[in-house]
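S.K.: I would like to see how this sequence folds:
(2 chains, ligands or ions: 2)
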Amino acid sequence: MLKQFFKNPLALMCLVIVGGTAFLGIFAPWIVPHDPYANNILNKFASPSWAYPLGTDQLGRCVFSRMLYGIRPTLFLSLVVMLGTLGLGVLLGTIAGYFRGIVDEVIMRVVDIMLSFPSQIMILAVVALLGVDIRNVIIATIFIKWAWYARMIRTATIKYAEMNFVLFSRSIGSGNLYILTRHMLPCIAAELAVLASLDMGWAILNISTLSFLGLGVQAPVPEWGAMLNEAKNVMASNPEQMIVPGLAVVVLVGAFNFLGDSLRDALDPKAVRS
Amino acid sequence: MSVVLRAKDIRVSFRKEQQSSLFGQERQQVLHDISLDLREGECLGIIGESGSGKSTLGRVLSGLLKPEGGRVYLEGSDIYEKRSAKSKAALQHRMALVFQDYTSSVNPRFRVENIIGESLRIYRKAGGDCSHVRQRTYELLDQVGLPASFITRYPHELSGGQLQRVCIARALAVCPRIILLDEAISSLDASTQVQIMDLLSTVQKSLGLSYIFITHDLTSITYLCNRVLFFQHGRIVEQVDQISQLSSLQTAYAKHLLHSIMGLGVSDSEQEQADLLVSESEISSLALVNDARKGADSPQAGAVMAFSSKPSVVG
Ligand SMILES: Nc1ncnc2c1ncn2[C@@H]1O[C@H](COP(=O)(O)OP(=O)(O)OP(=O)(O)O)[C@@H](O)[C@H]1O
Ligand SMILES: [Mg+2]
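M.R.: Ligands and ions are numbered 1, 2, ... in the order given. Reported below is the predicted structural model:
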């Protein structure tokens, strides 16, 4: 299955983009040419040069250094959001799909209610309620988004819960925990991988959007959405300031989405046979 | 002989998908007051057309589906009664299942050793002695006629017959008293069917097991079973206590089943005539084939099997 995945050039490229970005983010302090907070108002809006590979912004800070430092909040906060939503979704989704009955009814009705709110507006409302802080953004996002995953994962679980090998396990008396962790989770892992990579794209976009609106990561901290927000103020005079962070978001989100698509293709048993 | 499994007045119904009114609670009765006894060391055949509720009964008997009415006693204790985890575990491992569809009956991500290991884990939890897991796995593989090298294989690297043997080994690993075979051989080819049935009967003799053998193929029943229940629309329509008395069937349904496996395309007008024609001679030939097969080694048995499934002369 994975062999198939690695034969796909697009998937490989996406993997390289994602891996490379993560690497740059982790080792940013050793790579960056300048301190991302050091401003030099005399050298503002400088064009790209050897000293400043991507030029400087309206305060004369090195855009390249800020971009690299910005990977950390962008990528790693999204990772937290993704793990949080997926974790909660997997937990409640498998429980609902495996035990069915009254447990399923209760969980799914809650899911229905959660899904009937417009998610972006709910996030804004929750952040407004709890106060502007990146932690609240993460909590709000997980709280709103898990329902969608719970539903997807429940469907996958139901499919496997009726399989004969699960029936056999139950008939000889394997514990529910054993069945859920040893049979169910590996079986839905393929679906999970797809969901996770698609969700990463969404989470990055979401955090960047909220930072752009000034609700997420706050001003001096380098974050791609926040950088876009700062660039927006000088859009009329220096529109090129928006290009770098904007393009970076598009490329990274696109990479995650393509990754999800190729993972789905690679894990589809029908595709393997052909 | 003592009774190992007793079912009393089992009733099961499912809610209908199509209700005549909006909040209707119409239910479709799938099992009507089924009672049966399984004695130690015997093989009870259950035969019936598709949709007659055989698999549903199997689920009830194996503790997977609580019936609306009735009791299931396994060695004297009610399996649906609330009880402590310990005694439940001790009870549950007394019965194991083998399914028809061998591709979905094992987890495709498990190796053979994990498949059997799961059962061994249960056996150990239920208080069984199982200190040498690896050793025991080899023993089990040997018992079902598979080489020890198969232990690291994945299900997709095995043939259907081999996989079904692994499923039998997995069932044996919990040291059950009863094995419930739900069309366990129906999706195998004729010669493999005979091999598996031979395997089942040797295992039965050496371990003193009882089988419940669900099928819609009468030939395999005559080969393996001591008693037969005929199932139709969730009711036992006829019971044959001696397999040799298969000829003395009373109900039309059971007779019809018998005819259809003898390869007779009976139309309604010919029905009566055929009823007369398929008489003792046919039945005894079936019994003969059966006897011959029991004596023979498996390759030859395969040939006899192929022969017996051909249309007969009558008609
Ligand atoms: N979970 C369920 N919900 C609703 N109806 C069901 C369910 N399971 C089985 N049935 C119905 O119960 C009846 C008996 O089904 P069952 O699977 O026991 O038949 P069977 O005798 O095993 O048939 P086959 O020989 O094809 O395996 C069928 O009419 C089926 O539609
Ligand atoms: Mg069935």
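
S.K.: C-alpha from now on. contacts and neighbour counts both.
M.R.: Noted.

S.K.: phi, psi for the residue in the stretch 151-274 of chain A that ligand 1 sits nearest to please.
M.R.: As assessed by C-alpha to the nearest ligand atom, ligand 1 sits closest to residue A:162 within the stretch 151-274 of chain A, at 9.6 Å. Dihedral pair for residue A:162: phi -90, psi 0, per degrees, to the nearest 10.

S.K.: so where do the helices sit in the chain?
M.R.: Reading this off chain A. A:2-7, A:9-26, A:28-31, A:63-71, A:77-99, A:101-115, A:119-130, A:134-161, A:164-172, A:176-178, A:185-212, A:224-233, A:243-267, A:269-273 (DSSP state H).

S.K.: the intended chain is chain B.
M.R.: Going by DSSP H, chain B shows helices at B:54-61, B:85-92, B:112-125, B:133-143, B:160-173, B:190-207, B:218-224, B:252-261, B:268-277, B:280-295, B:298-308.

S.K.: buried stuff in stretch A:52-70?
M.R.: With burial defined by 16 or more other C-alpha atoms under 10 Å in any protein chain shown, the residues of stretch A:52-70 counted as buried are A:52, A:54-58, A:60-70.

S.K.: who touches stretch B:153-163?
M.R.: B:102-103, B:106-112, B:146, B:188, B:192, B:196 (C-alpha atoms under 8 Å, 6 or more residues apart in numbering or on different chains).

S.K.: I'd like these as a markdown table, with distance to chain A and neighbour count appended.
M.R.: Putting the contacts of stretch B:153-163 into a markdown table (distance: C-alpha to the nearest C-alpha, whole Å; neighbours: other C-alpha atoms under 10 Å in any protein chain shown) gives the following:
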| residue | distance to chain A | neighbour count |
| --- | --- | --- |
| B:102 | 8 | 24 |
| B:103 | 9 | 18 |
| B:106 | 5 | 27 |
| B:107 | 6 | 23 |
| B:108 | 9 | 17 |
| B:109 | 8 | 15 |
| B:110 | 9 | 19 |
| B:111 | 13 | 19 |
| B:112 | 13 | 25 |
| B:146 | 21 | 18 |
| B:188 | 17 | 17 |
| B:192 | 21 | 19 |
| B:196 | 20 | 23 |
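
S.K.: near ligand 1, which residues of the stretch 1-150 of chain B show up?
M.R.: By C-alpha under 6 Å from any ligand atom, the residues of the stretch 1-150 of chain B that approach ligand 1 are B:14, B:30, B:49, B:50, B:51, B:52, B:53, B:54, B:55, B:56.

S.K.: who wins on neighbours among those?
M.R.: Among those, residue B:54 has the most neighbours (other C-alpha atoms under 10 Å in any protein chain shown), with 27 neighbours.

S.K.: surely that one touches residue B:45?
M.R.: No. Residue B:54 is beyond contact range of residue B:45, at 10.7 Å (criterion: C-alpha atoms under 8 Å).

S.K.: now residue A:160: closest residue in space that isn't a chain neighbour?
M.R.: Excluding its sequence neighbours, the residue lying closest to residue A:160 (C-alpha to C-alpha, 6 or more residues apart in numbering or on different chains) is residue A:184, at 7.0 Å.

S.K.: residues touching that neighbour, list them.
M.R.: Taking C-alpha under 8 Å, 6+ apart as the criterion, residue A:184 is in contact with A:157, A:160, A:161.

S.K.: from the contacts of stretch B:153-163, which is closest to ligand 1?
M.R.: residue B:102 (14.0 Å).

S.K.: what's near enough to touch that closest one?
M.R.: By C-alpha under 8 Å, 6+ apart, the residues touching residue B:102 are B:160, B:163, B:164, B:167.

S.K.: hey, what's in contact with both of residue B:54 and residue B:45?
M.R.: Counting by C-alpha under 8 Å, 6+ apart, the contacts common to residue B:54 and residue B:45 are residue B:214.

S.K.: next up, the contacts around the residue of chain B found nearest ligand 1.
M.R.: Closest approach of chain B to ligand 1 (C-alpha to the nearest ligand atom) occurs at residue B:53, with a separation of 3.1 Å. For residue B:53, the contact set (C-alpha under 8 Å, 6+ apart) comprises B:30, B:31, B:231, B:232, B:233, B:234.

S.K.: any chance of the residues you listed in a markdown table with pLDDT as columns?
M.R.: Formatted as a markdown table, the contacts of residue B:53 follow (pLDDT from 0 to 100):
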| residue | pLDDT |
| --- | --- |
| B:30 | 90 |
| B:31 | 91 |
| B:231 | 87 |
| B:232 | 86 |
| B:233 | 88 |
| B:234 | 88 |
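
S.K.: which pair in the residues you listed spans the largest distance?
M.R.: Pairwise distances across the contacts of residue B:53 (C-alpha to C-alpha) peak at 11.4 Å, for the pair B:30 and B:231.

S.K.: between these two, which contacts overlap?
M.R.: Joint contacts of residue B:30 and residue B:231 (C-alpha under 8 Å, 6+ apart) are B:52, B:53.

S.K.: per-residue confidence at the residue of chain B closest to ligand 1?
M.R.: Residue B:53 is assigned 89 on the pLDDT scale.

S.K.: what's the answer for the one 4 residues further on, then?
M.R.: At residue B:57, the predicted lDDT confidence score is 92.

S.K.: what's the burial count for the closest residue to residue A:61 other than its chain neighbours?
M.R.: Distances taken as C-alpha to C-alpha, 6+ apart place residue A:39 nearest to residue A:61, at 4.7 Å, with adjacent residues excluded. The number of residues packed around residue A:39, counting by other C-alpha under 10 Å, is 17.

S.K.: wait, what's in contact with residue A:39?
M.R.: A:59, A:60, A:61.

S.K.: is it possible to get TSV of the contacts of residue A:184 that adds pLDDT?
M.R.: Shown next, in TSV, are the contacts of residue A:184 (pLDDT from 0 to 100):
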residue	pLDDT
A:157	92
A:160	89
A:161	88
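
S.K.: by neighbours, which of those wins?
M.R.: So for those (other C-alpha under 10 Å), the most neighbours sit at residue A:157, 23 neighbours.

S.K.: what about stretch A:7-20, average pLDDT?
M.R.: Mean predicted lDDT for stretch A:7-20 stands at 87.

S.K.: tell me the confidence at residue A:63?
M.R.: 80.
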